[in-house]
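Engineer: need coordinates for the following:
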Amino acid sequence: MDSTKPKIVTIIQVRRGSSRLPDKVFRPLSGKSLFVRQVERVRASLLCGQVVVATTLNPADDLVAAACAQEGWECFRGHDADLLDRHYQAALKHRADIVIKIPGDCPLIDPAIIDRVIGFYLENGDRYDYVSNLHPATWPDGNDVEIMSFQTLEKAWEDATRPFEREHTTPYIWERPEQFRIGNVVMEGGADYSMTHRLTIDYEEDYQFISAVWSALYPVNSLFGVGDILDLLDKRPDIYMINRSLAGVNWYRHHLDELTMVDAGQTKFAAGESNAGPQEGTLSRSLTPIALKVREHIIRMSAGGGCFIGASLSCVELLVYLYADFLRLGKRTPVDGTPVNGTPVNGTRVDDPADDSRNAMDDPRDDPQRDFLFLSKGHDVPALYGTFVEMGLLDAGRLNNHLSTSDHIYWHPNRAIPGVEFHSGSLGHLPAVAAGVALDCQLKGLDNRVVVITGDGELNEGSIWETILVANAYKLGNLTIVVDRNQFQANIRTEDLVPLEPLADKFRAFGCQVRRIDGHDFTQLQEAFGKVGGDKVNVIIADTVRGKGLPSIEARADRWFCSFSDAEVSQLLEELHGNIAATIESETLVVR
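Structural biologist: Okay, here's the model as predicted:
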């Protein structure tokens, strides 16, 4: 090896998590996984140098590491959400001088295009800090190649602060042409297929399209290129139409209010998505930090006796969105320097646990114009009370009493806590209570909205379905049932006990208006709740992940009720912030 030549390292970001198409990287293509086929194509490039697969520390991605080991490929593991950090750390470990970024959702990427972009950079290295074929894009989507010096990547790693700059790795660079020298490689002859042809994967239609192209071309030429694909699509318009409606859909659509070098003509929304404009990014930026704080409260409540941490973490975004953006909360006593029965916190009164007498002005439930929220899955109360703290409805110090019989905050939602509409814990009862409140509001001609959150395992209670029949008979369109669909009932998967799917069809059969969303996506929550109303019971099935935010316990059947040691709680807080992978040894409660 010539030590005078710069070392080129190509990094392919791969992980199993995907909200729109779960486990897409392990979809099969001719007997191997999709990401393995992509790496094979990247390695066919003549100029790519050392190829490294960069995945996460999430246990779910152990399979990615194992697949790399089986193929004899380098695999680096790093931060789950901060892809800029993962990319930088991988480049640092492998002593890269020149770094190439290729996303892990481009299984049809053309090795010749990779070489063309790298070759352009190598020929003009004294003129550019960063070169891609994306700014502006002209190639069919799914041939993304970005190349930069290690020093350029390091500068972005040091200075990038905005969430989308960390998540998407390179925006800090190409958004600053006054700071970095930016180069671009375009298709010959002025051709532009970037908004008309989609070779990447993020939806089921994309996989069907990729499979059809692969089946037609791979047996003839295993390294078929973009030209071969375009010729095929000219001859087979039926294949072209499989995902034609998704051409142009990319991540830019969620950040148009933040990006200066991308305009609306370079992206679009998928059918059924909300084009919420600037507010879309703003909502997520404002609520995500609140959700993080709520998760911190939940983790701390898992010490000294424990709590139902898995299910509590799965519904955080639901509660944060409802209390921060949707619900019309009751009036609160203003901070006037004379607190009543407590100390003002964030403009509200803090209740004294030893004295539950309340001035009527201090209790939001005494406002007849308020909306109602009922937490039927009462074992998730750590999430509810954590949200109360962040909304200024509860003193954070009281969370330490959650296992103390001296405080009404004990164990399950208690109506002695201002803001809690009704006791809960015994499953299946609160939908009926919520329906009764919704009917009362309807009979009085009021416009109060009533929301009840249930667990998915809770749907085995027949009383819920009886309630829906009655509620639809009375046309209670002011009632919304939210199902926290985290796939578990206690320490058993729902589909292994009493299968629920097809769940949406069952609710529709009972006369409901049904929407299904990602329960961790604030934009989808806003869109779904923005459409409630009418004369049918509204049902929102929120697909969530048990233990969300903690990779060491996510989607694990044995992490239902947990009592962690102080040392484990410290580890979990570090893991929540992406600093370490927690090692948990505490036993869990098992129900058989």
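Engineer: what's the helix or strand for the residue lying closest to residue 535 once chain neighbours are set aside?
Structural biologist: Once flanking residues are discounted, residue 535 sits nearest to residue 475: 4.1 Å by C-beta to C-beta, 6 or more residues apart in numbering. C-betas here are computed from N, CA, C, even on glycine. Here residue 475 sits in a region with no helix or strand, counting by DSSP states H and E.
Engineer: please apply the same query to residue 506.
Structural biologist: With DSSP H and E as the criterion, residue 506 is inside helix 503-509.
Engineer: tell me the strands beside the helix or strand just after that helix, with direction?
Structural biologist: Sequence order places strand 513-518 as the next helix or strand after helix 503-509, per DSSP H and E. Note on strand 513-518: by DSSP bridges, its sheet partners are strand 538-543 (parallel).
Engineer: touching the partner strand from outside, list them.
Structural biologist: Residues outside strand 538-543 that contact it (C-beta atoms under 8 Å, 6 or more residues apart in numbering) are 19, 315, 318, 477, 479-485, 503-504, 507, 512-519, 525, 528-529, 531-532.
Engineer: low-confidence stretches in the stretch 451-592 of the chain?
Structural biologist: 557, 560, 587-592 (pLDDT under 70).
Engineer: in it, which spans are helices?
Structural biologist: For the stretch 451-592 of the chain, the helices defined by DSSP state H, counting those that start in this stretch cover 462-473, 494-497, 503-509, 522-529, 566-576.
Engineer: give me the helices and strands touching the third one, please.
Structural biologist: Contacting helix 503-509 under the criterion 3 or more C-beta pairs under 8 Å, 6 or more residues apart in numbering; DSSP states H and E are the following elements: strand 513-518, strand 538-543.
Engineer: next up, the contacts around residue 426.
Structural biologist: residue 378 are the contacts of residue 426 under C-beta under 8 Å, 6+ apart.
Engineer: repeat that with 10 Å
Structural biologist: Shown in contact with residue 426 (C-beta atoms under 10 Å, 6 or more residues apart in numbering): 376, 378, 412, 461.
Engineer: also residue 201?
Structural biologist: Listed by C-beta under 10 Å, 6+ apart, the contact set of residue 201 reads 18, 20-21, 24-25, 27, 34-35, 38, 104-108, 142, 207, 209-210, 243.
Engineer: which of the residues you listed fall within helices?
Structural biologist: 34, 35, 38, 207, 209, 210 (DSSP state H).
Engineer: out of those residues, who has the most neighbours?
Structural biologist: residue 35 (27 neighbours; other C-beta atoms under 10 Å).
Engineer: tell me how far that one lies from residue 228.
Structural biologist: 21 Å (C-beta to C-beta, to the nearest Å).
Engineer: what about the strands in the stretch 201-350 of the chain?
Structural biologist: With strands called from DSSP state E, counting those that start in this stretch, the stretch 201-350 of the chain shows them at 344-345, 348-349.
Engineer: which of those has the lowest average pLDDT?
Structural biologist: Lowest mean pLDDT within the strands of the stretch 201-350 of the chain: strand 344-345, a mean of 30.
Engineer: tell me which helix or strand of this protein sits lowest on mean pLDDT?
Structural biologist: strand 344-345 (a mean of 30; mean pLDDT, DSSP states H and E).
Engineer: most neighbours, which of the contacts of residue 426?
Structural biologist: Busiest of the contacts of residue 426 [other C-beta under 10 Å] is residue 376, holding 28 neighbours.
Engineer: got a pLDDT number for it?
Structural biologist: pLDDT, read off for residue 376, is 90.
Engineer: circling back to that earlier point, with the ones in helices among the contacts of residue 201 in mind, which one is nearest to residue 125?
Structural biologist: Closest approach to residue 125 among the ones in helices among the contacts of residue 201 (C-beta to C-beta): residue 38, at 26.5 Å.
Engineer: is that closest one in contact with residue 114, as I believe?
Structural biologist: No - between residue 38 and residue 114 there is no contact, the gap being 11.3 Å when judged by C-beta atoms under 10 Å.
Engineer: got any residues that touch both of the two?
Structural biologist: residue 102.
Engineer: what sits against the closest residue to residue 127 other than its chain neighbours?
Structural biologist: In space, and not counting its chain neighbours, residue 127 is closest to residue 181: 6.4 Å by C-beta to C-beta, 6+ apart. For residue 181, the contact set (C-beta under 10 Å, 6+ apart) comprises 124, 126, 127, 128, 129, 130, 131, 152.
Engineer: next one: residue 181 from residue 91, what distance?
Structural biologist: To residue 91, residue 181 is 19 Å away according to C-beta to C-beta.
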